[in-house]
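*Asks:* The amino acid sequence is not available; the structure is as follows:
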């Protein structure tokens, strides 16, 4: 998986679904629901997830300009140890994101809440809470 991520590519759909299903099954008895960070990254993932695991209730989309994302991820690189936290790979990942993920927003437009995520973490968290309180 590290080699795939290092190239800026997406991990295969089946692998991601297996990992998600396994993690959810371990917690389903004690959970009120699941918030899955960074998923789906492309429409096919969302469709497959909903047909094999569970329908999606809400999608949160954090709007952040690319230059802000690059700066944030380069800052994360100082402590993350992730192989994909370098400027070249980050820019490849952003291009992959725009190509594959943006159609997800359109597909889930009736379930999607867009949050401008350039303010403080507390302000962004307040927006997330408002969105989740509607469930």
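*Replies:* Here it is on my side, so go on. The model shown is predicted, which means the values in this text are computed figures rather than measured ones.

*Asks:* so how far is the host helix or strand of residue 103 off the chain centroid?
*Replies:* Here residue 103 sits within helix 102-107, counting by DSSP states H and E. Taking C-alpha atoms, centre = their mean, to the nearest Å, one finds helix 102-107 lying 13 Å from the centre of the chain it belongs to.

*Asks:* Then stretch 66-77?
*Replies:* 16 Å.

*Asks:* where exactly do the strands run in this protein?
*Replies:* 59-63, 112-116 (DSSP state E).

*Asks:* I'd like to know which of those lies nearest to residue 92.
*Replies:* strand 59-63 (19.7 Å; C-beta to C-beta). C-beta here means a position set from N, CA and C on the backbone, and glycine is covered the same way.

*Asks:* For the closest one, which residues meet the burial criterion?
*Replies:* By 16 or more other C-beta atoms under 10 Å, the buried positions in strand 59-63 come out as 59-60.

*Asks:* Stretch 41-52 too?
*Replies:* Buried residues in stretch 41-52 (16+ other C-beta under 10 Å): 41-43, 45-46, 48-49.
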